[in-house]
Structure formats: C-alpha cells, structure tokens
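Sharing a model that was predicted from the sequence below.
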Amino acid sequence: MLQLKVIREEKKRIVAGLRKRNWTAAQLKVIDQILNTDDNRRATQKELDDALGEGNRLAKQIGALMGQGKKEEAEVLKIQVATLKIKSKDLEEQMGSLKVQLDEMLYSVPNCPHKSVPKGKTPEDNKVAKDWTKPFPALPEDALPHWELAKKYNLFDLELGVKLTGAGFPVYRGKGARLERALIQFFLDEAVKAGYEEIAPPLLVNEDSARGTGQLPDKEAQMYHCTIDNLYLIPTAEVPVTNILRDEILAMKDFPVRMTAYTPCFRREAGSYGAHVRGLNRVHQFDKVEIVRAEHPDESYKALQGMVRHVESLLRKLELPFRILLLCGGDMGFASAKTYDFEVWSAAQKRWLEVSSVSCFEAFQSNRLKLRFRDENGKTELAHTLNGSALALARIVAALLENNQTADGIRLPKVLWKYAGFKVID
RNA sequence: GGAGAGAUGGCAGAGUUGGUUUAAUGCACCUGAUUCGAAAUCAGACGUACUGUCAAAGGUACCGGGGGUUCGAAUCCCUCUCUCUCCGCCA
C-alpha cells in the first residue's frame, strides 16, 4: 500500500498517477477520504495519549500515597482515574475503527505508476520496448501445437494429471520431464551467475506471509488453502522469498539484496476455457524461477533495467523470438509502479505467450512488509522491492517445442544440451 | 501424538511476593578524547512505531500474539503461536 505520508505530501503526483490507471473522479474521492480520516485519527490519537498520560500520572500518585499509608486520599484519586478510564476506552475504540477504515481505504488504492509509464486502457496500449523476433521462425503448414507434440513424443500428459489430481495438473514424463528439469537448472545457474543468492523456500506459507506480499486479503481465491493448518500453497516464489525481508531493517551495506528461487507455483485461478488455455498455456501447477531484489530507492530503476537485461539474455540463449512490452497504466498490476512483460512467439499457435513479468514496486510492497533500511543519518526509510520471473517454465516449454519442431524431431537450443543430456527429441 | 520447561532490546542476560524500572548489567555498534596510527583505557550516544515541532523538548504504545484482573502488569489469570528437553512415531 501507499504510504500515508506520501499521499499527504505528494497528493498531486498520486492523483495524476491514478488517472493514468484510468481512475475516475468518483474513484479519486477516496484520496480525500483517506486524508480526512487520517486527520481524524491523529486528533483522536492526541486525545487518547493525553488521557492515558494523565492516567499514568495519577496511578503513580496513588502508588506514592499508598506507600505513605494515606488511603483516603488515594481513594479520591481512584475515582478520578475511573472516569478517565471510561474516556480512554471510548477513544481506543474510536481509534480502532478509524484504523480499520483507513487501512481498508489504503488497501484499495493501487500503486502510483512511474512517470515513464504510458497512458492506456488495454493491452493494445502497451508500448513495445524491444522486438527480437527476426528472423521469425518459419514453420510448415502442418506444424503442431505443443499439446499435439507432447502426445507424439510422450512429453507430458494432461489426461493423466486429471486422473491423479484434476484439470490443469500436467504430468511430465520422459524427455519432457528431463527438459523441465534442464530448464530449471539452466535458469538457476544463470541467476546465480548474475549475483542472485539461491533460495529453496517452503512451498506453503502462513497468513502473515500471504498478507505481506498482498495476496491477502483480496486475492484469496487465487491460492490453494490448507484450512486445517491455515497455510497457503504459494502462487509464486515471490511470496516466501520476499517475506524473508519482512520486518527487517537493512544496513546500507546490505544493498543490493538479490535472491533467486525455483519453486512450483500453485494457482487456483478459474480463468476462461478454449483453445487459448489449452495445453500448458494455463495450468494450476507450473514451475518457475523467480528473481527478487531489494534496493535503495535511488537504485531501484537501474535495478529494474538490470533485471530486464537478465531475462532478455535468457531468451536469447534459448533462441526464442520474443518482444518486451512496457505496460501501460491500465494493464499494470495493482502493486507495480512499472512493469515490463516478456512475450515469446509461439509459432504453431501463432500467438504471443507471456513468459515473464518484471516489476518495480518502489515502496508499495515494503510498506506492508515493513522492509526498511537505515540511511546515512541513521533514520529508517522504506526500501524498494522488485521481482520478475526468470522464467516461467510451462509456456517456455510450449514455445520451445513448437518453434523447434522439424521433420526429424524437436531440436533443443545449444545451451540446453548439457543440461538435458540430449539434443533432439525424437 | 504424550510429558515438562521456556519466550525480555542487535546479541547475552537480570527483573516474576504487581508500585522511582524513564527495562539493570555486559557485549557489539556509533561519536569524541588519548595515540604518528592502532590496541587498551576514559567519556558520551545507542530500540521501533505513532504523535508533536522549523528543529527540538515532550507525550503514548510495545518485554512472543490476543484478551482479562487492577488505580497501576515484563511481573497475576485465560487463550493462541512458537522454541527447547525427554518419550513415542517416522522419510
């Protein structure tokens, strides 16, 4: 969530930013409501603090009087405290409800887009930041989509997943399973080479963690929930890895914090049905290598560019045609201040598949996480966080299979040979 | 799963017959003095959040989380979570 202080001090910028997200005048009213409620909260806080302070003073006096054996005088003061207590209890309740209201409103406000984010309402308004599709792969007319290729070469089996679990849980097998593992290994190695610390986190997290990265309270339906133990299956490694930093106060020398993790990701999302979600395009469980960074506010956008270059280098090494989109205000995620999406061209399906999303959250996420650092003057300040997929496996597999199919089998890009232990799937 | 013990500041560790505790003390860290420089020594500063202010002073809350008793709770009661020890089970 946005910081109250920022909303108060930079209201103009925030309002302009929300307009870029196509917020209407009616929606923007919440900003003034927030500020009003906060004024109210501060006044109430002052009053409450004064009442409590007075109570503390009287309690001390009573203690002193009791010590001296002046019981009657103490009794008089006790009566005073009693009325004070009623007052402070009342104020406490007011404070409680004001805070709830304030939080509710704050949770409803998305992050303010960075000034470089273009205006726009739909994905069509996204700006192509880079196009790496030439030469476009030329496939024969009878080229197969990846779900057909999977059948032909026995790489993964969706029907079998239905038997074991349900729709959207692919079973990889043979060279398909091996390719999956090869890609994970390759992505992790590249991330470690780029300076990220490898993390192997838990795949279930508690409520505090789900709240920390903003899955709760709003996106509860996205996650699988083990109700008996009140734990959530992670929808992305971002959740456990970013929460490593929850409630931490970093020192300047701790920057930059760079972590990477491979995890399966579990998503309940209902989604639509039909050809565009066939095969591995959208599944409930998929593998992903995530990269996460925490940065000094002055460095976060430089870090974002660094992450973009990293993901770009992965796709080049995989020899996949891709483009990078700078998302417009209307298409950006709730918490993001600036997002680049990576899309790979799936030659057989003749459509773009999103394989990575790299975002800078500025202090939006760390505000909820309470991720701070101590600056040169010893003051605490919120750090900036960033994350991105590097990369999401299922769709990369789909694109690799489709784009590299030949009459003699599916040829793997050279970089994967040593990881997979084979060059061709046939 | 059973039994017992415990949770205090960056760390260690007092305080648990409720009342100068504004949480002792030590270590670490920071600043200054001393020194050519360092070690040692001495002096000082040293939690987080909210509030307040030009800035400060000051105020309030926080001793695992939540609730309760009381004029007053780190201290007493209830509850939850977690940790440790022993036993059982187990990849």
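Good, I have the coordinates.

can we go C-alpha only for contacts and neighbour counts from here?
Will do.

Any stretches of chain A with poor pLDDT?
A:134-135, A:270-277 (pLDDT under 70).

mind giving me the domain split of it?
As recorded under automatic domain parsing, the domains making up chain A are A:22-107, A:123-425.

so which of those domains is the most packed in?
Among those, judged by mean count of other Cα atoms under 10 Å, the one packed with the most neighbours on average is domain A:123-425 (a mean of 19).

With RNA strand B as the reference, measure out to A:Thr236.
Applying Cα to the nearest atom of the strand, to the nearest Å, the value for A:Thr236 to RNA strand B is 22 Å.

pretty sure A:Leu245 is in contact with A:Leu369, am I right?
Yes. Between A:Leu245 and A:Leu369 there is a contact at 7.5 Å, judged by Cα atoms under 8 Å.

Can you show me the helices along chain A?
Shown for chain A, the helices assigned by DSSP state H span residues A:4-9, A:11-20, A:25-68, A:71-107, A:146-153, A:158-164, A:175-193, A:207-212, A:238-243, A:300-317, A:364-369, A:393-403, A:417-420.

Please identify which residue in the stretch 151-300 of chain A comes closest to RNA strand B.
A:Ile249 (7.8 Å; Cα to the nearest atom of the strand).

That residue pairs with what?
Taking DSSP bridges as the rule, A:Ile249 bridges to A:Arg372.

and it, what does it touch?
A:371-374, A:380 (Cα atoms under 8 Å, 6 or more residues apart in numbering).

Minimum distance to RNA strand B: which of the helices of chain A has it?
helix A:25-68 (3.3 Å).

What is that closest one packed up against?
The contact analysis (3 or more Cα pairs under 8 Å, 6 or more residues apart in numbering; DSSP states H and E) places helix A:25-68 against helix A:4-9, helix A:71-107.

A:Ala294: what's it in contact with?
Here A:Ala294 is in contact with A:255-258, A:300, A:383-386 (criterion: Cα under 8 Å, 6+ apart).

Which ones among the contacts of A:Ile249 also lie next to RNA strand B?
A:Thr380 (Cα under 7 Å from any atom of the strand).

Max pairwise distance over the contacts of A:Ile249: which two?
Pairwise distances across the contacts of A:Ile249 peak at 10.6 Å for A:Leu371 and A:Arg374 (criterion: Cα to Cα).

Between those two, which contacts overlap?
Joint contacts of A:Leu371 and A:Arg374 (Cα under 8 Å, 6+ apart) are A:249-250.

quick one on the thing from earlier: out of the contacts of A:Ala294, who's nearest A:Glu207?
Of these, the one sitting nearest to A:Glu207 (Cα to Cα) turns out to be A:Thr385, at 20.4 Å.

what's across from the closest residue in space to that closest one that isn't next to it in sequence in the sheet?
Counting by Cα to Cα, 6 or more residues apart in numbering, A:Thr385 lies nearest to A:Ala294, which is 4.5 Å off, once chain neighbours are set aside. With DSSP bridges as the criterion, A:Ala294 is bridged to A:Val257, A:Thr385.

A:Ala390 versus A:Ala294, what's the distance?
A:Ala294 is 16 Å from A:Ala390, where distance means Cα to Cα, to the nearest Å.

Over to A:Leu52?
Relative to A:Ala390, A:Leu52 is positioned 53 Å away (Cα to Cα).
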